[in-house]
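[1] the following comprises the amino acid sequence and a computationally predicted model.
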Amino acid sequence: MTDKIKEKADKIRAMTDEELVAYVENRVKKAHSEGFNKGRKTAKQEVSNGDR
């Protein structure tokens, strides 16, 4: 596990500023998307269960 973390950290450290910004923006976009989709799924379940 430690080796995997070190490899990822080394990869990130080797990125240029432009690559790093793009990487972080991509992660944020993905997190928002997954959170949005998860929230939508939860809301649909609540409606179908009569929880709302």
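    Sure, I can see it.
[2] what about whichever helix or strand Ile5 is part of, distance to the chain center?
    Secondary structure from DSSP states H and E places Ile5 in helix 2-13. Its chain's C-alpha centre lies 18 Å from the corresponding centre of helix 2-13 when counted by CA atoms, centre = their mean, to the nearest Å.
[3] which outside residues touch that helix?
    Around helix 2-13, the neighbours that count as contacts under CB atoms under 8 Å, 6 or more residues apart in numbering are 20, 23. To be clear about C-beta, it is placed using only N, CA and C from the backbone, and glycine gets the same treatment.
[4] quick check: mean pLDDT of that helix?
    Here the mean pLDDT over helix 2-13 is 94, rounded to a whole number.
[5] dump it to CSV, keeping only the CA atoms.
    The C-alpha coordinates for helix 2-13 follow below in CSV (Å, rounded to 0.1, in the frame of the first residue of the first chain):
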residue,chain,number,x,y,z
THR,A,2,2.8,2.4,0.9
ASP,A,3,4.5,1.8,-2.4
LYS,A,4,1.3,2.6,-4.3
ILE,A,5,0.9,5.9,-2.4
LYS,A,6,4.5,6.8,-3.0
GLU,A,7,4.1,6.1,-6.7
LYS,A,8,1.1,8.3,-7.0
ALA,A,9,2.7,11.1,-5.0
ASP,A,10,5.8,10.9,-7.2
LYS,A,11,3.6,11.1,-10.3
ILE,A,12,1.8,14.2,-9.0
ARG,A,13,5.1,15.9,-8.0
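[6] tell me which element the residue most central in space within the chain is part of?
    In the chain, the C-alpha closest to the average C-alpha coordinate belongs to Ala31, at a distance of 3.1 Å (CA atoms, centre = their mean). Under the criterion of DSSP H and E, Ala31 resides in helix 17-49.
[7] quick check: the residue nearest to the centre of the chain vs Met15, distance?
    Remark: distance between Ala31 and Met15 (CB to CB, to the nearest Å) = 19 Å.
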